[in-house]
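Trainee: fold the following for me, if possible:
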Amino acid sequence: MNAAIGLEVNTPLRLEFAKGLSMQVLRRPEGFWFVATEVAASMKLEVGDLQQAQGEPLGQAFRLADEAEPVLCLSEGELDEVFRRIKKPGARRLRRWWLEETRPALLHQAGAAGTAETLHLALALAAEAAQQVSRAVLDTVLREPGPWLHSRWVLTLDYAPNNQQRWPHGRLIGLNSSVSTLNGMAELIAPPGKIPATKAELVKLATACQLRLAERIGS
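Mentor: Numbering: from 1, shown residues only. The predicted structure follows:
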């Protein structure tokens with residue numbers, strides 16, 4: 001351990017990292033800290049393996065809420081060093097989770113506003129969206145073989161806390177297509193050059209609108 005154990009009791013954020021595995025993150029004035037056993041477990045290692053990879057004692061013990069004994073934690077700098085030295089899929093996954101998803105969200109929370117509940121929801125939605133996008137794309141490609149090098153997608157995602165029935169849906173749309181509400185479509189079509197449309201397409205759309213208006217007026 002690099003320093004003596006302080007008397008302060010820290011209350012970490014408990015964030016979901018993977019199914020059945022959460023990570024506790026301490027936010028202190030000197031930066032973020034992580035529970036060493038959880039970091040090791042995310043890589044399917046022991047704390048001793050992290051120590052061996054570092055080649056020197058690492059971490060500092062903190063008193064955590066709901067923990068009877070002090071807990072060994074790694075600083076953010078030590079975690080970066082772990083990422084550099086350990087070349088395992090678990091390390092790469094943890095690195096993406098922390099640097100690309102969780103850390104930016106925590107910094108945004110500090111600067112902009114938001115509550116712990118909002119942060120948990122944002123992280124849960126991001127993780128859920130990643131899974132559902134993969135599933136929707138897989139289902140669509142298997143259902144509609146075609147050229148995937150250049151394509152645009154419309155994806156419908158479904159999320160609710162503890163929702164076990166997820167039904168994402170994806171479909172390909174043309175590269176020259178746009179997705180808009182009816183109100184938004186009028187705003188896209190009216191300005192010249194804002195959305196590419198041929199005369200034939202505009203006539204077809206105008207005819208459809210006239211028919212619908214005639215139907216409404218006559219009813």
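Trainee: now the helices for this protein?
Mentor: Along the chain, the segments classed as helices by DSSP state H run 36-42, 47-54, 76-85, 89-95, 103-111, 116-143, 182-189, 199-218.
Trainee: make CSV out of those and add mean pLDDT and mean neighbour count.
Mentor: Where you see a C-beta, it was placed from the backbone N, CA and C, and this is true even at glycine. Below are those laid out as CSV (pLDDT from 0 to 100; neighbours: other Cβ atoms under 10 Å):
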stretch, mean pLDDT, mean neighbour count
helix 36-42, 92, 20
helix 47-54, 86, 16
helix 76-85, 89, 17
helix 89-95, 90, 16
helix 103-111, 73, 13
helix 116-143, 71, 14
helix 182-189, 79, 11
helix 199-218, 88, 10
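Trainee: which residues touch the residue nearest the centre of the chain?
Mentor: Of all residues in the chain, the one closest to the mean position by Cα atoms, centre = their mean is Ala126, 2.6 Å from it. Listed by Cβ atoms under 8 Å, 6 or more residues apart in numbering, the contact set of Ala126 reads 101, 105.
Trainee: over to Ala40?
Mentor: By Cβ under 8 Å, 6+ apart, Ala40 lies in contact with 46-47, 49-50.
Trainee: output the longest strand along the chain as PDB, nothing but the C-alphas.
Mentor: The strand that spans the most residues within the chain, counting by DSSP state E, is strand 21-28. Taking only C-alpha atoms (Å, rounded to 0.1, in the frame of the first residue of the first chain), the coordinates of strand 21-28 have been written out as PDB:
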ATOM      1  CA  LEU A  21     -20.500  -7.800 -12.200                       C
ATOM      2  CA  SER A  22     -20.600  -4.200 -10.900                       C
ATOM      3  CA  MET A  23     -17.700  -1.800 -10.300                       C
ATOM      4  CA  GLN A  24     -17.400   0.600  -7.400                       C
ATOM      5  CA  VAL A  25     -15.900   4.000  -8.300                       C
ATOM      6  CA  LEU A  26     -14.700   6.400  -5.700                       C
ATOM      7  CA  ARG A  27     -14.700  10.000  -6.600                       C
ATOM      8  CA  ARG A  28     -12.100  11.900  -4.500                       C
END
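Trainee: Asp49 is in contact with Thr37, correct?
Mentor: No: contact status for Thr37 versus Asp49: not in contact, 11.5 Å apart, counting by Cβ atoms under 8 Å.
Trainee: looking at the contacts of Ala40, spot the one nearest Ala190.
Mentor: Of all the contacts of Ala40, the one with the least separation from Ala190 (Cβ to Cβ) is Leu50, at 60.9 Å.
Trainee: make sure the closest one is actually in contact with Leu58.
Mentor: Yes: counting by Cβ under 8 Å, Leu50 does reach Leu58; the two are 6.8 Å apart.
Trainee: ok, now how distant is the residue nearest to the centre of the chain from Glu101?
Mentor: For Ala126, the distance to Glu101 (Cβ to Cβ, to the nearest Å) stands at 6 Å.
Trainee: could you do Gly184 as well?
Mentor: Relative to Glu101, and taking Cβ to Cβ, Gly184 is found at 30 Å.
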